[in-house]
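> the sequence and its predicted three-dimensional model are supplied below.
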Amino acid sequence: LSGVSLKNVRLSLWSQTADKTRQKLAQQDGDLLFTHFGVSGPPVLLLSRQLPDSFELQAALRTFSLSVDLFPTLPAQQLDEQLLRHFVQMPLGQVKTVLNKQFSIPLAMAALLTERLGFGRDAAVRDMTKERRRLLLASLKNLELPLKRSRGYAEAMTTAGGISLKEIRPQTMESVLVPHLYFAGE
């Protein structure tokens, strides 16, 4: 999917311990970009700050994953109704084509979704049972992407920390706490 982008999705970062306890660490909305090395985009960068510094070392104790909601503003029931309506209108079409034309999901992504669900890349709409539609809906609302590793500190783009804006006079950028100390930067 390198080069494929998804607009206005919701990403959730999850942690799961060895005993299968899942915890949502954070959530961000925005655009997602698939790259040659994995995923990127503003929400990915913001969520990456929530990962432990020793991400690779933590993998033995817990795993991390991203959950992607391709339609965060559309409730699952409404999305299911739209899927059904479009499937009825295009009974001789392919599922990937309906997803692409009616829901603006890039064709490569739509084909990968149907393949990943076991329907095949060229799954026909006429073969979509209620159970298959339920599986597709679940993937559209909660596409799981396991995190294997980070790109490392050498390629880091975000940092955490800094000075609280409550501790700065906005007119002069002087510290409220330490006289004659001024701040600059982003």
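Yep, it's here.
> who are the packing partners of the longest helix along the chain?
Counting by DSSP state H, the longest helix found in the chain is helix 76-89. For helix 76-89, the elements it packs on are helix 95-103, helix 130-141, judged by 3 or more CB pairs under 8 Å, 6 or more residues apart in numbering; DSSP states H and E. Every residue, glycine included, has its C-beta placed from N, CA and C.
> now the longest one: average pLDDT?
Per-residue confidence for helix 130-141 averages out to 96 on the pLDDT scale.
> next, the angle helix 76-89 makes with that helix.
120 degrees (axes from the mean of the first three to the mean of the last three CA atoms, to 10 degrees).
> what of the shortest one?
Relative orientation of helix 95-103 with respect to helix 76-89: 110 degrees, computed using the same axes, to 10 degrees.
> please begin residue numbering at 27 from this point
OK, 27 is where the count begins now, so the last one is helix 121-129.
> could I get the buried residue list for helix 121-129?
Val121, Lys122, Val124, Leu125, Asn126, Gln128, Phe129 (16 or more other CB atoms under 10 Å).
> how about the strands in this structure?
Taking DSSP state E to define them, one finds strands in the chain at 31-43, 48-60, 65-66, 88-95, 169-173, 194-195, 200-201.
> distance-wise, check Ile189 relative to Leu96.
37 Å (CB to CB, to the nearest Å).
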